[in-house]
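Asks: Provided below for reference: sequence and predicted model.
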Amino acid sequence: MDISALLEKIENKTYTVGIIGLGYVGLPLMWTFHKEGLPVIGFDIDEKKINHLHEGTPYIKHLGSEMMKSLADSDRCEATTDFSRLTEADAILLCVPTPLDYHREPDMSYVEQTTETVSKYLRKGQLVILESTTWPGTTEELMIPILEKNSGLKAGTDFYVAYSPEREDPGNPDFNTAKIPKVVGGHGEDALALAQAMYDTAIVETVPVSNCKTAEAVKLTENIFRSVNIALVNELKVVYESMGIDVHEVLDAADSKPFGFMKFTPGPGLGGHCIPIDPFYLTWKAREYEQHTRFIELAGEVNTHMPQYVLDRTIMALNAHKKALNGSKVLVIGLAYKPDVDDMRESPTFKIFNLLKATGVEISYYDPHIPEIPPSREHDEWTGTLSIDWNEETIRQFDAVIISTNHSNINYQELANWNNCIIDTRNAMKGIEPKNKRHIFKA
């Protein structure tokens with residue numbers, strides 16, 4: 001099929017972009033294309049999100065109300081639960097979850113179900129792009145067979161398929177969707193040309209690679225790099241602590257070297273949708289080729305052990321105050337997986353919750369960005385739990401406080417004044433003088 005007409009539509013910005021999944025990836029992408037003048041239709045099965053978009057009210061706080069109001073008021077932007085309208089889109093971008101199942105293996109159900117839906121409405125000339133992080137081969141081994149079988153059309157001839165991994169960093173003020181270069185791999189030269197042209201209308205730079213499988217591997221490599229290096233500094237934290245050395249002081253000093261070193265920061269475990277999950281997609285796929293991913297699996301072991309290390313340090317801190325863990329009241333600060341956002345996906349705080357609960361602890365939390373724990377796939381037992389109020393009378397009631405996430409809008413000096421047993425997993429208390437040597441414990 002001649003793609004010159006499709007390329008002309010992209011150039012003239014009459015090329016309609018359909019985005020499936022209006023969460024942390026899809027919503028910023030919708031905004032990015034809209035800002036550059038392209039017509040956009042957003043699709044989601046969650047009617048609440050669609051209503052929020054129609055009303056202009058934010059449901060992802062760090063994206064702000066201005067963006068939502070602009071989308072709601074625009075005549076070039078629509079949101080719907082009616083997937084039959086996929087026929088109106090020239091490009092269909094899939095931004096759906098790719099979690100791990102209970103056996104720690106890839107759960108491709110969201111990709112499969114969404115691809116099935118797309119196949120029902122697929123027409124000639126459309127471009128289908130997967131943005132979800134996944135194992136190398138997903139686009140061509142899983143998606144294309146479904147699209148071809150159900151539509152009767154041929155990829156590369158009747159329609160086009162590409163892969164371009166999301167690179168979102170929620171809450172990062174320096175890099176939004178438009179400013180992050182986009183890796184693009186196509187199923188054939190025409191698909192790559194179309195995908196690259198479309199992203200070029202809205203993204204600062206596109207980085208073409210030879211095929212979809214390579215693009216899929218790029219995303220995994222980025223997150224595996226972070227996972228392995230975070231595991232390294234987490235292991236160093238435990239080792240140096242036993243030696244009486246402050247790992248944060250070590251890392252700060254090492255970071256002064258202008259070459260050959262990149263600073264990573266230890267914490268209570270991995271959080272977010274990408275780093276705790278994505279490395280295991282490659283581990284799973286590597287088995288098919290009889291390959292072993294020892295670094296990845298070892299990093300996973302180190303990182304998944306960190307909540308237990310926090311529990312052990314909490315026991316030690318309470319013992320120093322002649323208190324037992326069982327029956328204690330413990331406050332955990334920070335539910336989000338990273339500072340200054342309301343994103344709690346895969347947050348290690350929940351693992352700390354569960355460990356504390358199993359030992360008979362009375363648990364509360366404080367997070368200024370998450371006043372109430374919303375429903376989630378993984379942590380339904382905590383749904384509806386409310387954040388405590390931040391005041392001296394309340395904070396003094398707790399036997400210990402664990403800092404799991406170091407939000408910048410928390411007054412840590414007040415915390416030091418109001419509680420005398422603080423377990424700091426994030427170096428949030430740096431520069432704050434404790435009342436005595438048993439006041440603050442690194443974890």
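Replies: Happy to help now that I have it.
Asks: In contact with Tyr160, which residues?
Replies: Tyr160 is in contact with Ile3, Gln126, Leu127, Val128, Gly186, His187, Gly188, Asp190, Ala191, Leu194, Ala195, counting by CB atoms under 8 Å, 6 or more residues apart in numbering. To be clear about C-beta, it is placed using only N, CA and C from the backbone, and glycine gets the same treatment.
Asks: While we're on Phe83, how confident is the model there?
Replies: For Phe83, the pLDDT comes out at 97.
Asks: That one against Gly42, yeah?
Replies: No: Phe83 is beyond contact range of Gly42, at 11.4 Å (criterion: CB atoms under 8 Å).
Asks: quick one: which of these two has more around it?
Replies: Using other CB atoms under 10 Å as the criterion, Phe83 and Gly42 rank with Gly42 on top: 26 against 17.
Asks: Could you export stretch 359-371 as CSV, CA atoms only?
Replies: Provided in CSV are the C-alpha atoms of stretch 359-371 (Å, rounded to 0.1, in the frame of the first residue of the first chain):
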residue,chain,number,x,y,z
THR,A,359,4.9,-9.3,63.2
GLY,A,360,2.0,-7.8,65.1
VAL,A,361,2.7,-4.1,64.4
GLU,A,362,0.0,-1.4,64.4
ILE,A,363,0.7,0.4,61.2
SER,A,364,-0.2,3.9,60.0
TYR,A,365,1.2,5.9,57.1
TYR,A,366,1.7,9.5,56.1
ASP,A,367,1.9,10.7,52.5
PRO,A,368,0.9,14.3,51.5
HIS,A,369,0.4,13.1,47.9
ILE,A,370,-1.9,10.1,48.7
PRO,A,371,-4.4,11.0,51.4
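Asks: can you map out the strands along this structure?
Replies: Here the chain has its strands, by DSSP state E, at 17-20, 40-43, 77-80, 91-94, 127-130, 160-163, 182-186, 206-209, 329-333, 362-366, 400-403, 422-424, 440-442.
Asks: Compile those strands into CSV and extend it with columns for distance to Asp380.
Replies: Compiled in CSV, these are given as follows (distance: least, CB to CB, whole Å):
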stretch, distance to Asp380
strand 17-20, 25
strand 40-43, 26
strand 77-80, 27
strand 91-94, 26
strand 127-130, 29
strand 160-163, 32
strand 182-186, 35
strand 206-209, 40
strand 329-333, 18
strand 362-366, 16
strand 400-403, 22
strand 422-424, 27
strand 440-442, 31
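Asks: can you tell which of those strands is closest to Lys237?
Replies: Nearest of the strands of the chain to Lys237, taken as CB to CB: strand 440-442 at 7.8 Å.
Asks: Show me the contact partners of the closest one.
Replies: Here strand 440-442 makes contact (CB under 8 Å, 6+ apart) with 237, 241, 246-247, 313-314, 316-317, 320, 416, 421-424, 427, 429, 432, 434.
Asks: again, but for stretch 260-270
Replies: Defining contact as CB under 8 Å, 6+ apart, one finds that stretch 260-270 is touched by 226-227, 229-230, 232-234, 236-237, 247-248, 251-252, 254-255, 276, 303-304, 306-307, 309-310, 346, 348-349, 351-352, 402, 404, 425-427, 443.
Asks: And stretch 306-317, by the same measure?
Replies: Residues from elsewhere that reach stretch 306-317 (CB under 8 Å, 6+ apart): 234, 238, 267-270, 325, 330, 348, 351-352, 355-356, 359, 400, 402, 404, 421-423, 425, 438, 441-443.
Asks: What ranges in this structure fall below the confidence cut-off?
Replies: Within the chain, the segments meeting pLDDT under 70 span 1, 434-438.
Asks: Could you tell me the angle between the lengthiest helix in it and strand 182-186?
Replies: Looking across the chain with DSSP state H, the single longest helix is helix 212-242. Comparing the axes of helix 212-242 and strand 182-186 via axes from the mean of the first three to the mean of the last three CA atoms, to 10 degrees yields an angle of 140 degrees.
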